[in-house]
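> Generate a structure from the sequence data that follows.
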Amino acid sequence: MCGFVSIFNIAQGRSAEMREKALIMSSKIRHRGPDWSGVYSSEKCVLAHERLAPAHSAWTKTCPSSCPNVMPQTHS
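Predicted structure coming up:
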């Protein structure tokens, strides 16, 4: 499962400060198995994400029942 952080309508001159805050918030879930991360920032918004690598055996057993929009895997 991935995690996203967004900050919008940033006051003028505070984009660097808000970018740092978004990165700190995003890093709070990194311990769950980081696979990749990214950040986009402009004067008015910041978007940060952590792509979390699934625990393969647990993911294939729990996801079909807990995520109804995901097709169950038929191979092992």
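> got the contact list for the helix or strand hosting Ile24?
Assigned by DSSP states H and E, Ile24 falls within helix 15-27. By CB atoms under 8 Å, 6 or more residues apart in numbering, the residues outside helix 15-27 that reach it are 3, 5-7, 10, 37, 39, 41-44, 46-50. From N, CA and C alone the C-beta is placed, and that goes for glycine too.
> Pretty sure Glu50 sits against Gly3.
Yes. Contact criterion CB atoms under 8 Å: Glu50 and Gly3 qualify, at 4.7 Å.
> before we move on, back to that, just the buried subset of the contacts of helix 15-27, please.
Taking 16 or more other CB atoms under 10 Å as the criterion, what is buried in the contacts of helix 15-27 is Gly3, Val5, Ile7, Ile10, Ser37, Ser41, Val46, Leu47, Ala48, His49, Glu50.
> Which ones among these map onto helices?
Within the buried ones among the contacts of helix 15-27, no residue falls in helices by DSSP state H.
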